[in-house]
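Asks: My questions concern the predicted model and sequence given below.
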Amino acid sequence: MPITVNEKSRLFCIETDNSEYQLMADSFGVLRHLWYGEKVGMSMEYLQEYPDVGFSGNIYEAENLRSYSLDTLPLEYSCGGVGDFRINALSAVHSDGSFALDLRYAGFKISNGKYGIEGLPAVYANDTEAETLEIFLKDTASDISVTLKYGVLPKLDIITRSAVIENGGETGVFLTNAASLCLDMPCDYNEWIHFHGRHTCERLFERMPLLHGIQESSSQRGTSSHQQNPAVILCGNDCTETNGGCIGAMLMYSGSFSAKIEYDQLEQVRLIMGINPALFRWELKKGERFCTPEAVMSYSGSGFERLSHNFHKVIREHICRGKYKLSERPVLINSWEAVYLDFDDEKILAAAKEAAKLGIDMFVLDDGWFGKRDDDVSGLGDWFVNPNKIKCGLGELAKKIKALGMDFGLWLEPEMVSENSNLYRSHPEWAIQIPNRKPMRGRFQLVLDMTRTDVRDYLYKSISDILKSAEISYIKWDMNRSICDWYSACLESKNMGEMPHRYVLGLYELLERLTQDFPDVLFEGCSGGGGRFDSGMLYYCPQIWCSDDTDAFERTKIQYGTSFFYPISTMGSHVSAVPNHQTGRVTSLNARSVTAMSGSFGYELDPSALTEEEKTEIPMQIKRFKNYRKLIHNGKYYRLTNPLNDNSALWEFVSEDKTKILLQGMQFRAEPNFMRHRIKLRGLDENKKYVIAEDERIYTGNALMSGGVLLPAAKGDYFAYEIFITEAK
Ligand code: GLA
C-alpha cells in the first residue's frame, strides 16, 4: 500500500521504494506539504516551527496566532489573493472582479491504478503497478473546488501530479493560472538545473545556485521549445551523479510552459510548474471543469544517475506507447542532408539502392515530395504527391523501395501552411492570424488553427489517405516555427487566452486518432530538430529527432543534456556527411557512428557519394549497432564525464543483469606525452569477473569501478572509443 492515511491527524503518506512524500490537512483545513525525500517513518510536521514573521499576515481563524501564516508555511497547492505572497499555483478572477481563492480540505479518495486525464497525455499503469490519491479542496466563498491527483508508481520511485478545477458556483470565472505542480521544500535545496538552448543546440545542461527571489525556465512559443525544456532538477550544492538528494520534475506538455522557482525570505524553495500563465486565461463557466497537464516527479537520494534511471523507465514503460514502445527501432536513412529539396524519384531510388546495399532498414523521404515544394517557401498544406518530382507516384516509389528490402517512411509538417499553397488559397481562414494585422512568418510559413475541428479533419483525411495510398511504415511529424498572433474566428468566447492550450489539445487529439488508427506506423516527432522534445509528444511518438545539429562533437553535449530526463531510445540520432553541414567540422566516420549509436540510430547522407572505404565501414557499423541495440535501449545509461567541462564525452550502458557493458564516447582534443586515461565504470557487479573485448586479462567488477578501464591513447581530435565488456565465463 504506497498510500496511507491517518484520518485523525489527516496525514497522508505516499511511499515509493526509495522515497516518501507527506501532506497534511491541518486544523484550519489548510493543506500543508510536509515532506518529499528520503523515507522517514514519521510525520515531518515537527520541522514546521515558524516565528512571527513580520509582514506575513495570518488567516482570520488563527486569531492572534502570529506564527501561522500562509506566506511562510509549505503549501500543497497555493492560491493567490489571500495572504500567500509567494508565487502561486492557482488564480481565478471571479464575476465581481475579485481574484482571491482560499482552498480548504474537503476529503480524499484512494483507488487502485493510475488516473488518466481527459484529452491530455498521462502516465499509465495498471492496478498492480500504481495507486491514486485524490485530495478534495474547496473555496467556500466561490464554490470553486479543486481535486489534487497523485499517481504513485512505487517500484519506479515516481509520483505524478495533476489538478482538476471545477466551478460549482452560479457564475463563470476566469482562470489566469492553473499549475500542475506546486512543490514547497525546506532549504536542503540550494541549486537548480535546467536545460536551455537554441535551434541546433538544444537542452544544454545548466546548474545554477538558487538566488533569493524568482527564477524561471519557460516557453511562450506555443511549443515546449528549443530554448528551454519543461524539466527541472532541484538539488543541493553537494549533489553529484552518484551522491546527494535531488528532485526532478517534468511537465508532460508540448505547449508554452513555465517552471518557476522561488527562494523565499526564509530560504525555503517553491517550485510551480504548469501551462505558462502568461498566455493563459481560461473561462470556466458554471459546472465546467479544467484539467491541468500531468507533472511527473521523482526523488533520488543518490544523485542524478538514479534520478535519470527513474525517468528513463517511466518514459519507456509508462509514457511511450504502441508497437515501437519497447521493440527495436529500424536503422533508417533520411534524405534531408543528402538532397534537401532537390530530387526526383530517380535520384531517390538511386540513393535507396545504395542504402539497401549498406544494410539499412528504412528509407525516409524528407521534405519536398508534396505540393509545389522546390524551396521552403511554398507547398505546406498540400499533402499530395508532386508528380513532377515523384513521377512514378508514392505507391510505386514505396513498392520499389520495399523491393530493395527496405521499409519506406515519409516527412510531414501537418500543422503548417504556406501562403503559396492550394490549401491557403482555398482556406485562408484556417491559418492563425489576427484580422487587420500582418502575421509573423516563421520560415515563411503560417500555422494552421489546430483548435478547429475542420482543420483537424482535413489533416486526418489527408494523412490517412497518404498512409493508405502507399506502404508507409514511418512518419516524421515536423513543426518548424514558434507560434504567435493567437486568434481563432471559431472561438465563440473571443477569449484568445484559451487558444494556446486549445491548440495543444487539438494537436493531441489528431495525434491520438492517427496513432490509434495506424498502429503499425512508427511516428517520430520533430520541430526544427528538438524544439518540441517533451514527454507529451513521447506519448504519441516514441522517438523525436533530437537536433538539426548532426555534428558528432556538438551532439555529445546535446545528448548529454537530453539524457537527464529522456531515455536513449527516444533520441533520433544520425550519422551525416563531413564537413558537417551545420558547423563545418570534420570528424571521423567512426566518431560520428559512436555518437549516433547512443540514440535511435540512422544515417542522413547521400549514400551515392560514399567512398569505397566508407561503403565497407558503414555495414560494419550497422552490424555493431544491431549487436548492441538491446543493451543500448534496454540497459541502464551512465554519464561518465560532462562534455561541457571535460575533454571527453564518455558514457556507458549496463544490461539489467550486469553481464554486458558498452563503454562509448570521444576524447575531444588529443594531448601529447601523457599517460593513458582511465575511466571508472559504474553499475557493475562488484563480485563478478569481466573480460574486455580484445584484452586477455580478467578484471573484477570492483577493479573496473574503482581503478577504471584504461582507454587507448587518443590519436587526433574527436577520437572515438567503443569498448565492449562481458562477464567472464
Ligand atoms: C526541419 C527538420 C529537418 C528537416 C527539415 C525539412 O528543420 O528538423 O530534419 O526535416 O525541417 O524542411
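Replies: Yep, that arrived.
Asks: roughly how far is the helix or strand residue 138 falls within from the heart of the chain?
Replies: Secondary structure from DSSP states H and E places residue 138 in strand 131-139. Chain-centre distance of strand 131-139: 27 Å, with C-alpha atoms, centre = their mean, to the nearest Å.
Asks: what residues are up against residue 631?
Replies: 653, 655, 660, 662 (C-beta atoms under 8 Å, 6 or more residues apart in numbering). The C-beta positions use only the backbone N, C-alpha and C, and glycine is treated the same way.
Asks: Could you list the buried residues of the helix or strand hosting it?
Replies: Take DSSP H and E as the rule and residue 631 turns out to sit in helix 612-634. Going by neighbour count (16 or more other C-beta atoms under 10 Å), the buried part of helix 612-634 is 617, 618, 621, 622, 624, 625, 628, 629, 631, 632, 633, 634.
Asks: Hmm, the second one is touching residue 603, no?
Replies: Yes. Contact criterion C-beta atoms under 8 Å: residue 618 and residue 603 qualify, at 7.3 Å.
Asks: Make sure residue 672 is indeed in a helix.
Replies: No. Counting by DSSP: H, G, I helix; E, B strand; the rest coil, one finds residue 672 to be coil, located in no helix.
Asks: I'd like to know how far it sits from the ligand.
Replies: 39 Å (C-beta to the nearest ligand atom, to the nearest Å).
Asks: And for residue 553?
Replies: Taken as C-beta to the nearest ligand atom, the span from residue 553 to the ligand is 19 Å.
Asks: Next, that residue: secondary structure please.
Replies: helix.
Asks: Look up the closest residue to residue 405, ignoring the ones flanking it.
Replies: Closest residue to residue 405 apart from its sequence neighbours, by C-beta to C-beta, 6 or more residues apart in numbering: residue 356 at 5.4 Å.
Asks: Same check on residue 229?
Replies: residue 195 (4.1 Å).
Asks: of all the residues in the stretch 51-200 of the chain, which ones are close to the ligand?
Replies: By C-beta under 6 Å from any ligand atom, no residue of the stretch 51-200 of the chain approaches the ligand.
Asks: Strands of the stretch 51-200 of the chain, residue ranges please.
Replies: 90-93, 104-112, 131-139, 144-153, 158-167, 173-185, 191-198 (DSSP state E, counting those that start in this stretch).
Asks: The residue in the chain that the ligand sits nearest to: which element?
Replies: Relative to the ligand, the nearest point of the chain is residue 367 (3.5 Å; C-beta to the nearest ligand atom). Following DSSP H and E, one finds residue 367 outside all helices and strands.
Asks: I'd like to know how far it sits from residue 380.
Replies: The gap separating residue 367 from residue 380 is 9 Å, by C-beta to C-beta, to the nearest Å.
Asks: rewinding a little: in a markdown table, list the contacts of residue 631 along with pLDDT.
Replies: Output for the contacts of residue 631, formatted as a markdown table (pLDDT from 0 to 100):
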| residue | pLDDT |
| --- | --- |
| 653 | 98 |
| 655 | 98 |
| 660 | 98 |
| 662 | 98 |
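Asks: Could you tell me which residues touch both of residue 618 and residue 603?
Replies: Residues touching both residue 618 and residue 603 (C-beta under 8 Å, 6+ apart): 358, 575.
Asks: related to what we said a few turns ago, would you reformat the strands of the stretch 51-200 of the chain as TSV and include distance to residue 533?
Replies: Formatted as TSV, the strands of the stretch 51-200 of the chain follow (distance: least, C-beta to C-beta, whole Å):
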stretch	distance to residue 533
strand 90-93	28
strand 104-112	33
strand 131-139	28
strand 144-153	23
strand 158-167	20
strand 173-185	19
strand 191-198	9
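Asks: so residue 79 makes contact with residue 86?
Replies: No. Contact between residue 79 and residue 86 fails when scored by C-beta under 8 Å: they sit 11.0 Å apart.
Asks: what about those two, which has more around it?
Replies: Higher neighbour count among residue 79 and residue 86: residue 79, with 25 against 22, using other C-beta atoms under 10 Å.
Asks: any idea how far residue 266 is from the more buried one?
Replies: 20 Å.
Asks: Likewise for residue 319?
Replies: Taken as C-beta to C-beta, the span from residue 319 to residue 266 is 36 Å.
Asks: For those two, indicate the residue with more neighbours.
Replies: Using other C-beta under 10 Å as the criterion, residue 319 and residue 266 rank with residue 319 on top: 24 against 13.
Asks: which residues sit in contact with that one?
Replies: By C-beta under 8 Å, 6+ apart, the contact list for residue 319 reads 121, 123, 124, 252, 535, 538, 539.
Asks: List the ones among those residues that fall in helices.
Replies: Judged by DSSP state H, the contacts of residue 319 include 535, 538 as members of helices.
Asks: Where neighbours are concerned, which of the contacts of residue 319 has the most?
Replies: Within these, most neighbours by other C-beta under 10 Å means residue 535, with 28 neighbours.
Asks: Can you name the residues that contact the nearest residue to it once chain neighbours are set aside?
Replies: With sequence-adjacent residues excluded and distances taken as C-beta to C-beta, 6+ apart, residue 535 is closest to residue 252, at 4.5 Å. Residues in contact with residue 252 (C-beta under 8 Å, 6+ apart) are 120-123, 293-296, 319, 534-536, 539.
Asks: Check the gap between residue 252 and residue 292 for me.
Replies: In terms of C-beta to C-beta, residue 252 sits 10 Å off from residue 292.
Asks: Kindly report the same for residue 639.
Replies: Residue 639 is 32 Å from residue 292, by C-beta to C-beta.
Asks: So which residue is dead centre in the chain?
Replies: Centroid check for the chain by C-alpha atoms, centre = their mean gives residue 534 as the closest residue, at 2.3 Å.
Asks: Go ahead and confirm that one touches residue 225.
Replies: No. Assessed by C-beta under 8 Å, residue 534 is found out of contact with residue 225, at 9.2 Å.
Asks: ok, which stretches of the stretch 551-700 of the chain are strands?
Replies: Using DSSP E, counting those that start in this stretch, strands in the stretch 551-700 of the chain cover 571-576, 600-604, 636-639, 648-654, 660-667, 678-679, 689-692, 698-700.
Asks: Redo those strands as JSON lines? Include distance to residue 258.
Replies: Formatted as JSON lines, these follow (distance: least, C-beta to C-beta, whole Å):
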{"stretch": "strand 571-576", "distance to residue 258": "25"}
{"stretch": "strand 600-604", "distance to residue 258": "30"}
{"stretch": "strand 636-639", "distance to residue 258": "27"}
{"stretch": "strand 648-654", "distance to residue 258": "31"}
{"stretch": "strand 660-667", "distance to residue 258": "35"}
{"stretch": "strand 678-679", "distance to residue 258": "39"}
{"stretch": "strand 689-692", "distance to residue 258": "47"}
{"stretch": "strand 698-700", "distance to residue 258": "49"}
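Asks: In CSV, list these along with mean neighbour count.
Replies: Shown next, in CSV, are those (neighbours: other C-beta atoms under 10 Å):
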stretch, mean neighbour count
strand 571-576, 25
strand 600-604, 26
strand 636-639, 20
strand 648-654, 24
strand 660-667, 24
strand 678-679, 16
strand 689-692, 18
strand 698-700, 16
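Asks: Please convert the ones you listed to CSV, extending it with distance to the ligand.
Replies: Conversion of these to CSV gives the following (distance: least, C-beta to the nearest ligand atom, whole Å):
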stretch, distance to the ligand
strand 571-576, 9
strand 600-604, 8
strand 636-639, 24
strand 648-654, 22
strand 660-667, 23
strand 678-679, 33
strand 689-692, 37
strand 698-700, 42
